[in-house]
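**Q** pasting a predicted model and its sequence here:
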Amino acid sequence: MKRIVLRRFGGPQVLEVETASAPDPAPGEVVVAVRACALGERDLQVREGNLPVELPRVPGREACGVVVQSCSPAVSFCEGDEVVLLPALSCGACLFCALGRDRACARYRRLGIDHDGALTERLAVPERALVLKPQGLTHAEAAASVLSLACAHEILMRAKLRPQETVLIMLRRTDAVAGAALQLARLLGARVIAAAEDDEDVQIAQSLGAWNTIKVRQADLMDEVRKITVRRGADVVVDAANDPVVFGCVAPCARIAWLSGRGESCTVDARRLVDLGLTLLGAGEPSRAQVLEATGFLDRGDIDAPRVHSFPMERIIQAQRAAESAGAFRRVVVENPDA
Ligand SMILES: [Zn+2]
């Protein structure tokens, strides 16, 4: 089988296609033929060396495929089942896993970061790391939408978003989670202000029902948000770039959710944090329950899948270049139709 391997950090050209033997499933594991793997912001950070990754590493974390082999006789998934992979593996048995706080599990490993990922034709994973694919979506659409929507759901639930609240969503070129958060916040009854860098993202945000849009760089973000909210500010901010400007855009008791770990550090306005009683949230990987909720939204047609641009595995370098400028509502997917 073919897979992508990262042996050194750098630009897209550091990624290599290699041949490897097919995985042998351990007890409780199944082998998935990976049909589609979306490339996102964290994949770019892995390649650039912006996350703590041991090399060599097979990248890829947002994937779906078909179960082709199971080892244990008592598995929940059968050969031929179409499945979405969870982004992280955990023990499934400790208190933290039971509470849905998988990140705190001592055996927590993230696909494509601390564990070989899904840019491969075959992958062996514990069956608890799978959920059924939404039926109405292609593999490419499911890979491009389920995980970003689950991440958006995770962060909006932790932010305790209420209907009628105002959400400021900062759309960034390489981040799909903020795009998913826009649709989900609308569905939850919130008023969305979408701030975007390019015209196409502004237009798509409007077509998806954003209450107001702001073209970043043409307007002063803080002034615009204050004007739109009649000086009150936003109740929730979802930002993919950890921009401290958001401290000037928030209402008292606001929740600020940062999606990306990109950038070394930034200044937190501690006086404003305490004075306004703000909450700062760092987005984590979604739990199995949140991934299942995301598949439910997509199955019911409540949320639209993003537009997909597909590449074969041999064109991984071009795919990564395309992912660097994908836009908030367009996803790049590596497809293996014959895996
Ligand atoms: Zn655990």
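**A** All right, it came through fine. Fair warning: this is a prediction, and the values are worked out from it, not measured in the lab.
**Q** quick check on the spatially closest residue to His115 that is not a sequence neighbour: phi, psi?
**A** Leaving aside its sequence neighbours, His115 sits nearest to Arg109 (CB to CB, 6 or more residues apart in numbering; 4.1 Å). For every residue, glycine as well, the C-beta is placed using N, CA and C. According to degrees, to the nearest 10, the main-chain angles of Arg109 amount to phi -140, psi 140.
**Q** could you verify my assumption that Arg109 touches Pro87?
**A** No. If you go by CB atoms under 8 Å, Arg109 and Pro87 don't touch, sitting 10.3 Å apart.
**Q** between these two, which one's more packed in?
**A** Set Arg109 next to Pro87 and count neighbours by other CB atoms under 10 Å: Pro87 wins out with 25 against 12.
**Q** can you check the pLDDT for Ala74?
**A** With respect to pLDDT, Ala74 scores 61.
**Q** now the one 5 residues further on
**A** We note a pLDDT of 92 for Glu79 in this prediction.
**Q** how many neighbours does it have?
**A** Neighbours of Glu79 using other CB under 10 Å come to 12.
**Q** how about the contacts made by the residue nearest to His115?
**A** By CB atoms under 8 Å, 6 or more residues apart in numbering, the contact set of Arg109 is Ala88, Leu89, Ser90, His115.
**Q** go on, Gly80?
**A** For Gly80, the contacting residues are Val66, Val67, by CB under 8 Å, 6+ apart.
**Q** tell me how far it lies from Gly65.
**A** From Gly80 across to Gly65, the span is 11 Å (CB to CB, to the nearest Å).
**Q** same question, Lys215
**A** In terms of CB to CB, Lys215 sits 39 Å off from Gly65.
**Q** the two: who's more crowded?
**A** The residue with more neighbours, out of Lys215 and Gly65, is Gly65; 29 against 14, by other CB under 10 Å.
**Q** which helix or strand contains Ala241?
**A** Counting by DSSP states H and E, there is no helix or strand that carries Ala241.
**Q** ok, longest strand in the chain?
**A** Under DSSP state E, the strand in the chain containing the largest number of residues is strand 29-39.
**Q** which helices and strands sit right next to that strand?
**A** Other elements packing on strand 29-39 under the criterion 3 or more CB pairs under 8 Å, 6 or more residues apart in numbering; DSSP states H and E are strand 62-70, strand 82-85, strand 122-126, helix 139-158, helix 316-324, strand 330-335.
**Q** could I get the average pLDDT for the third one?
**A** Going back to what we said before, that points to strand 122-126. Mean per-residue pLDDT for strand 122-126: 94.
**Q** again with the second one
**A** Taken as a whole, strand 82-85 has an average pLDDT of 97.
**Q** in its sheet, what does the helix or strand following it sit against?
**A** Using DSSP H and E, the helix or strand that follows strand 82-85 in sequence is strand 88-89. Paired neighbours of strand 88-89 in the sheet (DSSP bridges): strand 109-110 (antiparallel).
**Q** how far away from the center of its chain is the partner strand?
**A** Chain-centre distance of strand 109-110: 14 Å, with CA atoms, centre = their mean, to the nearest Å.
**Q** one more: stretch 207-214?
**A** Averaging C-alpha positions (CA atoms, centre = their mean) puts stretch 207-214 21 Å from its chain's average.
**Q** and if you look at stretch 100-117?
**A** Remark: stretch 100-117 is offset 15 Å from the chain centroid, using CA atoms, centre = their mean.
**Q** now stretch 97-104
**A** Distance, stretch centre to chain centre, for stretch 97-104: 18 Å (CA atoms, centre = their mean).
**Q** taking the stretch 101-250 of the chain, what residue is nearest to the ion?
**A** Cys105 (3.0 Å; CB to the ion).
**Q** so the residue lying closest to that residue once chain neighbours are set aside versus the ion, what's the distance?
**A** Among residues not flanking Cys105 along the chain, Ser90 sits closest, at 3.9 Å (CB to CB, 6+ apart). Separation of Ser90 from the ion (CB to the ion, to the nearest Å): 5 Å.
**Q** Ser90 reaches Arg110, doesn't it?
**A** No. Here Ser90 lies out of contact with Arg110, judged by CB under 8 Å, at a distance of 9.9 Å.
**Q** neighbour-wise, which of these two wins?
**A** Using other CB under 10 Å, the more surrounded residue of Ser90 and Arg110 is Ser90, with 25 against 20.
**Q** so who does the more buried one touch?
**A** So Ser90 contacts Phe96, Cys97, Asp102, Cys105, Arg107, Tyr108, Arg109 (CB under 8 Å, 6+ apart).
**Q** what do you get if the cut-off is 6 Å, keeping everything else the same?
**A** Cys97, Asp102, Cys105, Arg107, Tyr108 (CB atoms under 6 Å, 6 or more residues apart in numbering).
**Q** same deal with Leu171?
**A** Taking CB under 6 Å, 6+ apart as the criterion, Leu171 is in contact with Ala178, Ala194, Ala196, Asp201, Ala328.
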